[in-house]
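>>> My questions are about this predicted structure, shown below with the sequence.
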Amino acid sequence: MKKFAVAFILLAVAAGLGFYYYSSNAAKETGALILFGNVEVTEVDLGFKAPGRIAEIFTDEGRRVSEGEMLAKLESAELEKTVEQAMAALDEALARLDEISAGSRKQDIAQASASIAQAKAELDKTEKELKRAVFLHDSGAISAQKLEEAQRGRDVSFNIHKKTVEAHSLAVEGPRKESIVAAKARVRQAEAALSLASERLKDATLYSPVSGITLRRNMEPGESAGVGAPVATIADLQHPWVRVYVKEDKLNTVKIGQRAFVTVDSYPGKVFEGTVSHIASEAEFTPKNIQTKEERVKLVFAMKVAVKNDGLELKPGMPADVRLDAGGRG
C-alpha cells in the first residue's frame, strides 16, 4: 500500500512538472511545441427565475442532456389558475370593446325613445297638478306645504325627462371616441396581464441552455428553490478547451488561430483537432501547485486551446497533451 502511495505521488509530481514542458526531441524533429494541460469546460448553474417548491427533477449526476431538454419543474397549480383568470379577463375586455365599437342597436334607440315619451307624459301630468295647486293655494284652499310638494313633483319629472332626452341623443350618436380608446386600453392591459402570467408559468419549468453532462444535482423534489438557486450544474461538453502554459521564450512561436492537436490517455491513438483561442496578454509565474520551487520563478503565458468534441468524449479534468506545429494558422 505504501509503495502504491509513493508511486502515485511520484506520478502526480511528474505530471505537474510536465504541465508546460517543451519536448526538445519533438522540436528538433518536427519543430512542434509540446505542452501539457487539463481539459476544462464551461459550467452552467441552472436555477429558476421565481421561487417555488420543486415538483420534479429529470436529470441525475453523470447524465447527458441536450440543449432545450426539460430538467426540472416547480409546483404550478396556482400559476395555471392565474393564467386562466387572465384569459377570462382578456375575453371580457375584447367583448366590451366589440360592443362599444359596434355602436347602439336599433332596439336601444327605440327603448330610449319610449323612455322619452313616458317621461314627457309624467312631466305633463305634474305640470297640470302644479297649476291646479297654485290656483288652490291662491284661493286659500291648500297650504303652502301642499304647493311645495306639487312644485317638487314637477321638478323631479322635468329632470327625468331631461335625462331621457340626453340618453336618447347618446344612443343615436353612438359611443364617444374616448370610450373606444379606454376600451382598447383595457384590452392591452388584459393582454399584458396574460403575457406576464404565461411567462411566469413558463418560468416554472427549467430547460438546459446547452448540451452537456450533469455535473451536480443540487436539489431534490419537495425542496423550496429560491430565485437563481442552482438546481443542477451542467458542463458544456461541446466547447471544451485545454489550458496550457508556454514559456516566455517560446511565445513568438504561437498565435491566435494556430492549429493544435490534442490527445488524451482515455483514447489512445485518437487525435482531437483544435485551435489556439486565447493567449494571455500578461505573463505570470508558473503556477505554484504544479512546478518546483526552481521552476516557479520562470515567467509563462497562459493559453487556451479550443478543441472539437463532436462525440462528447472529452471530459473536464482529463490530462491532455497539446502539440502546436510550426507553421501557424491552419
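That came in fine, so what should we check first?

>>> Return the residues in contact with the nearest residue to E248 once chain neighbours are set aside.
Excluding its sequence neighbours, the residue lying closest to E248 (Cβ to Cβ, 6 or more residues apart in numbering) is L299, at 4.6 Å. Backbone N, C-alpha and C define where each C-beta goes, glycine included. By Cβ atoms under 8 Å, 6 or more residues apart in numbering, the contact list for L299 reads K247, E248, A283, E284, F285, T286.

>>> What's the per-residue pLDDT of L299 here?
Predicted confidence (pLDDT) for L299: 83.

>>> Any idea what it is bridged to?
F285 (DSSP bridges).

>>> re the thing from before, nearest to M219, of the contacts of L299?
Nearest to M219 among the contacts of L299, counting by Cβ to Cβ, is E284 at 37.5 Å.

>>> Secondary structure element holding the nearest residue in space to F261 that is not next to it in sequence?
Closest residue in space to F261, ignoring its immediate chain neighbours: R323 at 4.7 Å, by Cβ to Cβ, 6+ apart. According to DSSP states H and E, R323 maps onto strand 319-329.

>>> quick one on the thing from earlier: can you add neighbour count and distance to T205 and give the contacts of L299 back as TSV?
Below are those laid out as TSV (neighbours: other Cβ atoms under 10 Å; distance: Cβ to Cβ, whole Å):
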residue	neighbour count	distance to T205
K247	18	50
E248	11	51
A283	14	47
E284	11	43
F285	12	47
T286	19	47
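
>>> Which member of the residues you listed is positioned nearest V165?
V165 lies nearest to E284 out of the contacts of L299, by Cβ to Cβ, at 90.9 Å.

>>> Run through the protein and note the low-pLDDT ranges.
Within the chain, the stretches with pLDDT under 70 are 1-31, 102-106, 109, 170-176, 286-297, 326-330.

>>> make it 80
Along the chain, the parts satisfying pLDDT under 80 run over 1-31, 99-110, 112-113, 166-180, 283, 285-298, 325-330.

>>> elements contacting the longest helix belonging to it?
Ranked by residue count, the top helix of the chain under DSSP state H comes out as helix 106-139. Applying 3 or more Cβ pairs under 8 Å, 6 or more residues apart in numbering; DSSP states H and E, we find helix 106-139 packed against helix 144-173.

>>> Can you give me the buried ones in the helix it packs on?
Under the neighbour-count criterion of 16 or more other Cβ atoms under 10 Å, helix 144-173 has L147, A150, G153, R154, S157, I160, H161, T164, A167, H168, A171 buried.

>>> Distance to H137 added to those, as TSV?
TSV is the format used below for the buried residues of helix 144-173 (distance: Cβ to Cβ, whole Å):
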residue	distance to H137
L147	4
A150	9
G153	14
R154	14
S157	19
I160	25
H161	24
T164	30
A167	35
H168	35
A171	40
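
>>> wait, which of those is closest to E84?
Closest to E84 out of the buried residues of helix 144-173 is A171 (35.7 Å), distances taken as Cβ to Cβ.

>>> Please enumerate the strands of the stretch 201-330 of the chain.
Secondary structure of the stretch 201-330 of the chain (DSSP state E, counting those that start in this stretch): strands at 205-207, 212-217, 224-225, 232-247, 258-264, 272-279, 284-285, 299-307, 319-329.

>>> With distance to R53 added, can I get the ones you listed in CSV?
Listed next are the strands of the stretch 201-330 of the chain as CSV, based on distance: least, Cβ to Cβ, whole Å:
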stretch, distance to R53
strand 205-207, 13
strand 212-217, 17
strand 224-225, 5
strand 232-247, 16
strand 258-264, 42
strand 272-279, 42
strand 284-285, 46
strand 299-307, 40
strand 319-329, 42
